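turn this into a model:
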Amino acid sequence: MAARKPTFNQQILIDPTPLPDSIPKVKEVGASSAPLLSAAFFIGARCKDYNDDYMQCKTENPGKGEFECLKEGRRVTRCARSVIEDINKSCLEQFRAHWTCLENNNHQLWQCRPDEWKLNKCVFDNLKLEKTIPDQPKQSTPLHLRQKQIYAHSPVPAWEKPFIAEKPQSS
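Numbering: from 1, shown residues only. Presented below is the predicted three-dimensional model:
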């Protein structure tokens with residue numbers, strides 16, 4: 001073992017320069033990682049166009065820093081904030097139960113499936129947003145809808161059923 005004492009020479013750098021007026025002002029999301037993880041698929045569903053615009057801007061401006069894409073980034077933040085606010089208004093109890101479970105289980109989604117199913121139902125019923133996993137094979141059951149979670153600490157009770165949104169009948 002080395003006998004030297006650790007030293008830290010890091011400082012916090014705060015740039016007081018205000019952003020130009022061309023960059024829209026927006027409040028930060030104001031949520032920690034567990035609520036953001038809980039709402040992530042719903043944010044992705046509602047904010048897909050804004051996210052795509054932001055990623056396209058980043059692709060078109062490689063290596064120029066983040067300044068060129070601040071407008072698009074602010075739109076993404078504003079949209080994500082609106083989703084969190086809407087979930088808090090419509091499904092606060094289910095949302096809080098799910099993200100608290102995530103917080104208590106090291107953000108392992110499979111530990112919290114019953115709470116997730118209740119949240120998915122509430123969000124679908126009130127906000128018409130559905131959790132979908134991108135590039136999920138059509139012939140397989142999505143992970144979040146499986147009754148048996150193989151790595152979970154305890155089995156999902158038989159009376160807990162996953163929420164599956166009913167597709168409208170096409171005539």
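
centroid residue for the chain?
The centroid of the chain falls nearest to Ala40 when counting by CA atoms, centre = their mean (1.6 Å).

just the pLDDT for it.
Per-residue pLDDT puts Ala40 at 94.

over to His144?
For His144, pLDDT reads 69.

quick revisit: which strand or helix spans the residue nearest to the centre of the chain?
Element membership for Ala40, per DSSP states H and E: helix 33-46.

now for the longest helix anywhere in the chain, which elements pack on it?
The longest helix of the chain (DSSP state H) is helix 70-104. In terms of contacts (3 or more CB pairs under 8 Å, 6 or more residues apart in numbering; DSSP states H and E), helix 70-104 is packed against helix 33-46, helix 48-60, helix 113-127. (C-beta placed from N, C-alpha, C; glycine too.)

what angle do the shortest one and helix 70-104 make?
So that's helix 48-60. Following axes from the mean of the first three to the mean of the last three CA atoms, to 10 degrees, one obtains 120 degrees for the angle between helix 48-60 and helix 70-104.

average pLDDT across helix 48-60?
92.

flag every buried residue along it.
For helix 48-60, a neighbour-count test (16 or more other CB atoms under 10 Å) marks Tyr50, Asn51, Asp53, Tyr54, Cys57 as buried.

which residues of the protein score low on pLDDT?
1-15, 65, 142-147, 149-151, 155-156, 158-159, 161, 166-171 (pLDDT under 70).

residues in contact with stretch 29-39?
With contacts defined as CB atoms under 8 Å, 6 or more residues apart in numbering, stretch 29-39 is touched by 43, 77, 80-81, 83-84, 87, 95, 98-100, 102-103, 107, 109, 116, 119.

and those residues, which are buried?
43, 77, 80-81, 83-84, 87, 95, 98-99, 102-103, 109, 116, 119.

ok, now which ones touch Arg74?
Arg74 neighbours (CB under 8 Å, 6+ apart): Ile23, Pro24, Lys25, Val26.

what's the local residue count around the first one?
Meaning Ile23. 13 (other CB atoms under 10 Å).
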